[in-house]
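Chemist: sequence first, predicted model second:
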Amino acid sequence: MELFQHTLAKKVDIEGEGVLSGAQIRVEFCPAPPNHGIVFERADLPSPVRIPVRPENVKAVSGASVLVKGGVEIYYVEHLLAALNGLAVDNLLVRVFGGEIPLFDGSAKPFVEAILRAGRKPLWSLRRYIRLEEEIVVSEGQARVCLRPAEGLKLRYLIDFPHPSIGKQEFSLELSQERFLSEVSFARTFAFLKDILPLRKAGILKGGSLESALVLDDKQVLNPDGLKKPNEFVRHKVLDLLGDLYLLGAPLLAEVEARYATHRLHIKAVKAVLRNLYAWRWYPSPARAPLAVFSLPAYAA
Ligand SMILES: [Zn+2]
């Protein structure tokens, strides 16, 4: 568990193709002060609009998590948020010159590289966690997300796709920066050709290629280099869940078990946590923070 909040040591930016628009989109990561949180900005608009990462500013569509405020939207925030959650970055202004975050290779790797290029910078303010105190369950048919109290953040995911390359897969991650980097950060999103082609025809997807996702036909993975791990699919679902949980606006202490879930259900779970005010508390609590601050010099030494 991180004791102090972090931002980045310097401004850094990345640029890539938006799969919805087909346009090149620049994203700037700007360092931010303590307690600022993660805030996105639609920097391409004549009057830029800022959207703080909070459950009330979030919606899910098929295959993406979307930040939305007053009709202004930013699509595909989940892999970037997974990188920020995985590397414990608390405060950042993310300026986006378009309505979507580029997918790059469909994993969190490009965002991780940008964060590590800038470097993490500690801020002398305590990190505040949302610590779950009671079980919360959300479900839709067979799909379910269950959150239970725990000391760290432990994720467990089960998927079952009737496809020869996927089938039943299960993966667990107890979050640390090292395990995030080595076990899930590289796992790419996946899509089925039969779902993509109609979107292409309808003009909804103007960009995207085998460079931006794992693509499967009825029999196999079409990407010439194949999979990075046989269970890359379920590892990616863990990555998605990690990103969606950061939509809480603070790091979570809980054990989260997801089964056959989607962004929609992840976000339903996030909203359920915030709605159930008696199911969680801040840790350390505001009342206890001054005591911890009192011992700061010892930590700083
Ligand atoms: Zn994803």
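Modeler: Nice, thanks for sending it over.

Chemist: quick one: the residue in the stretch 51-200 of the chain positioned nearest to the ion from residue 5, how far?
Modeler: Closest residue of the stretch 51-200 of the chain to the ion, CB to the ion: residue 189 (4.0 Å). (C-beta placed from N, C-alpha, C; glycine too.) Distance from residue 189 to residue 5, counting by CB to CB, to the nearest Å: 29 Å.

Chemist: check residue 215 too.
Modeler: 39 Å.

Chemist: these two: which has the busier surroundings?
Modeler: residue 5 (23 against 20; other CB atoms under 10 Å).

Chemist: that one: what's it in contact with?
Modeler: Residue 5 sits next to 34-35, 90-91, 122-123, 125-127 when contact means CB atoms under 8 Å, 6 or more residues apart in numbering.

Chemist: from these, pick the one nearest residue 206.
Modeler: residue 91 (33.4 Å; CB to CB).

Chemist: and that closest one, what does it touch?
Modeler: 5-7, 31-38, 123.

Chemist: go on, residue 183?
Modeler: Contacts of residue 183 by CB under 8 Å, 6+ apart are 173, 235.

Chemist: please repeat the previous calculation with a cut-off of 10 Å.
Modeler: 86, 171-176, 229, 235, 238-239 (CB atoms under 10 Å, 6 or more residues apart in numbering).

Chemist: again with residue 95
Modeler: 11, 13, 26-30, 39-44, 48, 50.

Chemist: one step back: check contacts around the residue of the stretch 51-200 of the chain closest to the ion.
Modeler: So residue 189 contacts 19, 63-64, 76, 78-79, 103, 105-107, 212-215, 232-233, 236-237, 239-240 (CB under 10 Å, 6+ apart).

Chemist: same thing but 8 Å
Modeler: Per CB under 8 Å, 6+ apart, neighbours of residue 189: 63, 79, 103, 106-107, 213-214, 236, 240.

Chemist: on the three-state scheme, the residue lying closest to it once chain neighbours are set aside is what?
Modeler: Spatially, and ignoring its direct neighbours in sequence, residue 189 is nearest to residue 106 (3.9 Å; CB to CB, 6 or more residues apart in numbering). Here residue 106 is coil, with the state taken from DSSP: H, G, I helix; E, B strand; the rest coil.

Chemist: element containing residue 227?
Modeler: Counting by DSSP states H and E, there is no helix or strand that carries residue 227.

Chemist: wait, it sits on residue 220?
Modeler: No: using CB atoms under 8 Å, residue 227 makes no contact with residue 220, being 10.5 Å away.

Chemist: mutual contacts of the two, please.
Modeler: Joint contacts of residue 227 and residue 220 (CB under 8 Å, 6+ apart) are residue 165.

Chemist: the residue lying closest to residue 15 once chain neighbours are set aside: neighbouring residues, count only.
Modeler: Leaving aside its chain neighbours, residue 15 sits nearest to residue 26 (4.6 Å; criterion: CB to CB, 6+ apart). Residues within reach of residue 26, counting by other CB under 10 Å, total 15.

Chemist: check residue 1 too.
Modeler: By other CB under 10 Å, neighbour count at residue 1 equals 13.

Chemist: and this structure, which residues reach the ion?
Modeler: 189, 240 (CB under 5 Å from the ion).

Chemist: repeat the analysis, applying 8 Å as the threshold.
Modeler: Taking CB under 8 Å from the ion as the criterion, the chain approaches the ion at residues 63-64, 78-79, 106, 189, 236-237, 239-240, 243, 263.

Chemist: from those, which ones fall inside helices?
Modeler: 78-79, 236-237, 239-240, 243, 263 (DSSP state H).

Chemist: and of those residues, the nearest to the ion?
Modeler: residue 240 (4.2 Å).

Chemist: residues near the nearest residue to the closest one once chain neighbours are set aside, how many?
Modeler: Leaving aside its sequence neighbours, residue 240 sits nearest to residue 78 (CB to CB, 6+ apart; 5.5 Å). Neighbours of residue 78 under the rule other CB under 10 Å: 27.
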